[in-house]
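Build me a model:
(chains A, B and C)
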Amino acid sequence: MRVIALLTDFGTVDGYVAAMKGRILTLAPQATVVDITHDIPPFDIRSGAFTLYNCYRQFPPQTVFVTVVDPGVGTRRAGVVLQSDHYVFVGPDNGVFSLVLQNESVSAYHIRTDQLPWDVSYTFHGRDVFAPLGALAVANPEEMMKYLVPANQPLQTFWTPPRWETPTRIRAEVLHVDRFGNIILNIRRPDFGEHPLDHFRVTVKGHNIAGLKKTFGDVRPGELLINFDSSDFLQIAKNQGNAARELQVQPGDEVLIHL
Amino acid sequence: MRVIALLTDFGTVDGYVAAMKGRILTLAPQATVVDITHDIPPFDIRSGAFTLYNCYRQFPPQTVFVTVVDPGVGTRRAGVVLQSDHYVFVGPDNGVFSLVLQNESVSAYHIRTDQLPWDVSYTFHGRDVFAPLGALAVANPEEMMKYLVPANQPLQTFWTPPRWETPTRIRAEVLHVDRFGNIILNIRRPDFGEHPLDHFRVTVKGHNIAGLKKTFGDVRPGELLINFDSSDFLQIAKNQGNAARELQVQPGDEVLIHL
Amino acid sequence: MRVIALLTDFGTVDGYVAAMKGRILTLAPQATVVDITHDIPPFDIRSGAFTLYNCYRQFPPQTVFVTVVDPGVGTRRAGVVLQSDHYVFVGPDNGVFSLVLQNESVSAYHIRTDQLPWDVSYTFHGRDVFAPLGALAVANPEEMMKYLVPANQPLQTFWTPPRWETPTRIRAEVLHVDRFGNIILNIRRPDFGEHPLDHFRVTVKGHNIAGLKKTFGDVRPGELLINFDSSDFLQIAKNQGNAARELQVQPGDEVLIHL
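A predicted model of the protein is given here:
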């Protein structure tokens, strides 16, 4: 049993996802096809990256993730296949794997789209490139390797690491704002190692927020808080509210963390 | 072949459902995972109960239903596993199985969450408790039983039975209002036995509605009617309109039925 | 491995689709059930036909398509089973297979609903007629044939062929307007054979649009264009806009094509 898990921003109404599933089941009839979601906001690479990151480790070993949030389809952006010890990732090289790459050591390949022995449209690489390569990863890995070349350039990423300016001050930045307005930063719980966190404070856009909480309910409705999200990213949130709107922040904005 | 059917209020965009599927396929690779829906209105236990009730009898024997509409996650509400002759139900003990329990004789168990030999988060029992127990119901029922204890208290339910005040007058109540405004009552077709229904009349909030119809089209657009829904519950509806809004009723409101 | 692919306008929240899946897996446990979509706009036969057409050829041979967009359920409209060399199609005879029939030679059968040896409701033929017949197409084709009779009348269709009035002028019509406002015509790329297309011009509602483009980006934002869509239908579109709203066109409207 091999799982092929699909994540796209295609919605389902037009049959695009169904075309991918049909293509996969034709090439790899033995695969179990699983929907992660097709409701990523159109072209939102960061949302796609977060949703993939939030679930991929739950999947069985050797799962293939076909991940298509692809605003650059038809341009010269490359396609990639990433192989880690446990998983295979297939999709455009546009940053959608930025967070997976923080967690996984991979062998990275670019896809030689012009070598594929079938028709490839200009506008639908989900059906014509990524779905069939994901299917080949299950059904015929040797054939898949014919269409790959080791990636000799760094992959696209929206990840920038936080900077420790002093042992108690970190210059971080906003990685993503989710649909609830939670502000996710580019730093995770393990990054703090054994450092005590009992004087925790962040500064963002002139606001100070102090104290590290466990969950939303630890502050009153309408109050801001800092906690680790369910994937261990540090986030700034507002109990029963939208933190990003209140603080007017966007991805890339600077956040200072004081320990 | 064993089916594990999933019903949640998680939506699909965040990857929560995908995390549950991944966990299930890791523990029970032989299972067929089926989506019932993930679009239950958030925290709407009654809608979850109705949707489950409307479809579960169509599934193959031994299907496992993992049902997660769980506003009380993180509180002391218990988790339950219900085993009937034909099916297994896994989810929070908060009333989401109220209607199934009207139809099925079950052995009921509470989940010993603190005995589970893996990490359990405070906020995501769908992934950490209910999905893995549903998977064990298929892959290793003996191990599942280690984490269960017979329920020695009545399960939570929003069901209250109708009362026959006289042989021709029943005091019923509103069980649920669906998204079309249909008013579903706590009485079903079999409850009337062989009683003749040709003088049927209901009184609700000062309104009288007479005559039992088969379908919406049996009255003019805009008119109220009484009929049995596709699961045999008695309902008050409005042809091409919203009965609950017109009559200003809510779950728990009293309805008198005259035969 | 046999695939049963589902396309409906039921949405997923009420459990109707789940009831169909349960019924199918009960009758055909060996089948792989795949969702095409359940988000077809309610009763929109043309959208259902287009979505099916856009994906069905990607599926493995012997896939069964259960297609339920069925505003006429409960009336005397017939049910059909279509068998082509590669596929089986099951659903109401109301035009939802109009486009598939342009591409496939089929044996057509009507369903003898009154001969089915199980209960059939008035309002839910998806669960009671089409899902079980689709399952029998996989599990027991001989039994399925007992409930079919060769269709001795033409099937319902919304297809009308274009008319070549002269070797360089075609009277076509609007077949469908999709949810982006793209205007799809009743003529496809192969219909032009070897005819040169370098003087292409269409006239619709008093507007002239000249030149055949490859994709939206070949004109400036806000401009109208003509191209072939990803299923090779000729369409009138507007780069980053809604062509049907600008031109005030509807299905059935006449379009003149000059070569």
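
which ones are touching residue A:64?
Residues near residue A:64 by Cβ atoms under 8 Å, 6 or more residues apart in numbering or on different chains: A:2-5, A:31, A:87-90, A:134, A:137-138. C-beta coordinates here come from the backbone N, C-alpha and C atoms, glycine included.

Report the separation between the nearest residue to residue A:125 once chain neighbours are set aside and residue A:64.
Computed as Cβ to Cβ, 6 or more residues apart in numbering or on different chains, the closest residue to residue A:125 that is not its neighbour in sequence is residue A:73, at 5.2 Å. According to Cβ to Cβ, to the nearest Å, residue A:73 and residue A:64 sit 20 Å apart.

circling back: out of the contacts of residue A:64, who's nearest chain B?
residue A:3 (5.7 Å; Cβ to the nearest Cβ).

pLDDT wise, what is the closest one at?
Residue A:3 is assigned a pLDDT of 98 by the prediction.

so who does it touch?
Residue A:3 touches A:31-34, A:59-60, A:62-64, B:22, B:25, counting by Cβ under 8 Å, 6+ apart.

Those in strands, which ones?
Mapping the contacts of residue A:3 onto strands (DSSP state E) picks out A:31-34, A:64.

could those go into TSV alongside distance to residue C:163?
Listed next are those as TSV, based on distance: Cβ to Cβ, whole Å:
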residue	distance to residue C:163
A:31	46
A:32	49
A:33	43
A:34	47
A:64	49
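
Any chance of TSV for those residues, columns pLDDT?
What follows is the ones in strands among the contacts of residue A:3, written out as TSV (pLDDT from 0 to 100):
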residue	pLDDT
A:31	96
A:32	96
A:33	97
A:34	96
A:64	98
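
ok, which stretches of the stretch 51-200 of chain A are helices?
Taking DSSP state H, counting those that start in this stretch as the criterion, the stretch 51-200 of chain A contains helices spanning A:100-103, A:125, A:131-139, A:141-146.

Flag every residue of the stretch 151-259 of chain A that's near chain B.
Counting by Cβ under 8 Å from any Cβ of the partner chain, the stretch 151-259 of chain A comes close to chain B at A:178-179, A:214-215, A:230.

Quick check: residue A:102 touching residue A:158?
No: with contact defined as Cβ atoms under 8 Å, residue A:102 does not reach residue A:158; the gap is 11.1 Å.

and the two? which has more neighbours close in?
Counted by other Cβ atoms under 10 Å in any protein chain shown, residue A:102 and residue A:158 do not tie: residue A:158 has more neighbours, with 17 against 14.

Measure how buried the residue nearest to that one when sequence neighbours are not counted is and give me the count.
Using Cβ to Cβ, 6+ apart and skipping residues adjacent in sequence, the residue nearest residue A:158 is residue A:95, 4.6 Å away. As a burial measure, residue A:95 scores 18 neighbours (other Cβ under 10 Å).

Residue A:95 is in contact with residue A:175, isn't it?
No: in this structure, residue A:95 is not within contact of residue A:175 by Cβ under 8 Å, at 11.3 Å.

now the residue of the stretch 101-250 of chain A found nearest chain C: how far from chain B?
Sorted by distance to chain C under Cβ to the nearest Cβ, the residues of the stretch 101-250 of chain A start with residue A:124, at 6.0 Å. In this view, residue A:124 and chain B are 22 Å apart by Cβ to the nearest Cβ, to the nearest Å.

my guess is that residue meets residue A:14, correct?
No: counting by Cβ under 8 Å, residue A:124 stays clear of residue A:14, with 10.7 Å between them.

where does chain A come near chain C, residue by residue?
So chain A meets chain C at A:11-23, A:25-26, A:29-30, A:33, A:35, A:74, A:121-124, A:127 (Cβ under 8 Å from any Cβ).

now those: which count as buried?
Neighbour counting by 16 or more other Cβ atoms under 10 Å in any protein chain shown classes A:12-23, A:25-26, A:33, A:35, A:124, A:127 among those as buried.

Neighbours of the closest residue to chain B within chain A, how many?
In chain A, the residue found nearest to chain B is residue A:58; the distance is 3.2 Å by Cβ to the nearest Cβ. Residue A:58: 19 surrounding residues under other Cβ under 10 Å.

Select from the buried ones among the residues of chain A next to chain C every entry located in helices.
The members of these that map onto helices under DSSP state H are A:16-23, A:25-26.

so how far is residue A:238 from the residue lying closest to residue A:227 once chain neighbours are set aside?
Leaving aside its chain neighbours, residue A:227 sits nearest to residue A:213 (4.7 Å; criterion: Cβ to Cβ, 6+ apart). Distance, residue A:213 to residue A:238, by Cβ to Cβ: 12 Å.

ok, the residue in chain A positioned nearest to chain C - contacts?
In chain A, the residue that lies nearest chain C is residue A:22 (3.3 Å; Cβ to the nearest Cβ). Applying Cβ under 8 Å, 6+ apart, we find residue A:22 in contact with C:3, C:5, C:34, C:55-60, C:63.

low-confidence ranges in the stretch 101-250 of chain A?
By pLDDT under 70, the stretch 101-250 of chain A has no low-scoring segment.

what are the ranges of the strands in it?
Using DSSP state E, counting those that start in this stretch, the strands assigned to the stretch 101-250 of chain A run over residues A:107-111, A:148-150, A:163-166, A:169-177, A:183-188, A:201-204, A:207-210, A:224-228, A:233-238.

In CSV: those strands, plus mean neighbour count.
Compiled in CSV, the strands of the stretch 101-250 of chain A are given as follows (neighbours: other Cβ atoms under 10 Å in any protein chain shown):
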stretch, mean neighbour count
strand A:107-111, 19
strand A:148-150, 13
strand A:163-166, 11
strand A:169-177, 20
strand A:183-188, 22
strand A:201-204, 19
strand A:207-210, 14
strand A:224-228, 21
strand A:233-238, 24
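
mind putting these in JSON lines, distance to residue C:188 included?
Shown next, in JSON lines, are the strands of the stretch 101-250 of chain A (distance: least, Cβ to Cβ, whole Å):
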{"stretch": "strand A:107-111", "distance to residue C:188": "30"}
{"stretch": "strand A:148-150", "distance to residue C:188": "35"}
{"stretch": "strand A:163-166", "distance to residue C:188": "58"}
{"stretch": "strand A:169-177", "distance to residue C:188": "43"}
{"stretch": "strand A:183-188", "distance to residue C:188": "47"}
{"stretch": "strand A:201-204", "distance to residue C:188": "55"}
{"stretch": "strand A:207-210", "distance to residue C:188": "59"}
{"stretch": "strand A:224-228", "distance to residue C:188": "55"}
{"stretch": "strand A:233-238", "distance to residue C:188": "49"}
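
and of the ones you listed, who's closest to residue A:41?
strand A:169-177 (11.4 Å; Cβ to Cβ).

Check which helices and strands that closest one sits against.
helix A:45-55, strand A:163-166, strand A:183-188, strand A:254-258 (3 or more Cβ pairs under 8 Å, 6 or more residues apart in numbering or on different chains; DSSP states H and E).

Turn these into CSV, columns for distance to residue A:206.
Formatted as CSV, the helices and strands packed on strand A:169-177 follow (distance: least, Cβ to Cβ, whole Å):
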stretch, distance to residue A:206
helix A:45-55, 24
strand A:163-166, 19
strand A:183-188, 15
strand A:254-258, 11
